[in-house]
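**Q** pasting the sequence and the predicted coordinates here, then a few questions.
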Amino acid sequence: MVQVEGLERLLLEHPLFEGMADEHRDLIAGCAANAVFEAGRYVYRQGGPADRFYLIRHGSVALEVHVPGREPFIVETLREGDVLGWGWILPPFRLNFDARALQLMRAVSIDAACLRGKMDEDHELGYQLYRRFMPVIADRLAASRLQIVDMYGHPDDYVRT
């Protein structure tokens, strides 16, 4: 059996890539690097270019929305094993939230331009990544919806038709 090392091993072990062909994980690993963010540091800011995504290995990150005149509104907290960032896969490739490390965060960073180029060359890789990121996007949108309901009212307050 071949011993997989470094970033390839981390991709092999991450649930996002479970069942993915080895050659596709190797292509992704070619776009990967380690990243570290100190507690309180912003990983990215809403509206900025979505030029990478992260596989959180250690620590936690708050997904926040800026609310004028108030503290940032935390939509969701991500932890070890979670994927941070999905705007890289859908035009116009912009970030949808602020992401702030709540504690020291270690992650695998994937360069989006590099990966999109490889997806253009290998459509099966593109399909596999879209298939894996659609649940991430749906989960983030559902979490946002729940937070909005919590912030502005309770489901029992709505009139059902």
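**A** Noted; the coordinates are in hand.

**Q** wait, Phe133 sits on Gly87?
**A** No: using Cβ atoms under 8 Å as the test, Phe133 is too far from Gly87 to be in contact (10.3 Å). The way it works is simple: take the backbone N, C-alpha and C, and place the C-beta from them, glycine included.

**Q** higher neighbour count, the two?
**A** The neighbour count for Phe133 versus Gly87, taken as other Cβ atoms under 10 Å, is higher for Gly87 (23 against 18).

**Q** and the nearest residue to the more buried one once chain neighbours are set aside, how many neighbours?
**A** Distance criterion Cβ to Cβ, 6 or more residues apart in numbering; nearest residue to Gly87, sequence neighbours excluded, is Ala50 at 3.4 Å. Neighbours of Ala50 under the rule other Cβ under 10 Å: 20.

**Q** may I have the phi/psi pair for Ala50?
**A** With angles defined as degrees, to the nearest 10, Ala50 sits at phi -90, psi 80.

**Q** report the buried residues of the helix ranked longest in the chain.
**A** Secondary structure assigned by DSSP state H gives helix 123-152 as the longest helix of the chain. Using 16 or more other Cβ atoms under 10 Å as the test for burial, helix 123-152 gives Leu125, Gly126, Gln128, Leu129, Arg132, Phe133, Val136, Arg140, Ser144, Gln147.

**Q** which member of the residues you listed is positioned nearest Ile56?
**A** Val136 (12.2 Å; Cβ to Cβ).

**Q** what sits against the closest one?
**A** Leu16, Val83, Trp86 (Cβ atoms under 8 Å, 6 or more residues apart in numbering).

**Q** in TSV, list the residues you listed along with neighbour count.
**A** Output for the contacts of Val136, formatted as TSV (neighbours: other Cβ atoms under 10 Å):
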residue	neighbour count
Leu16	17
Val83	21
Trp86	20
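
**Q** sitting in strands, which of those do you find?
**A** Secondary structure from DSSP state E places Val83 of these in strands.

**Q** and which of the contacts of Val136 is nearest Asp22?
**A** Set against Asp22, the nearest of these by Cβ to Cβ is Leu16 (15.1 Å).
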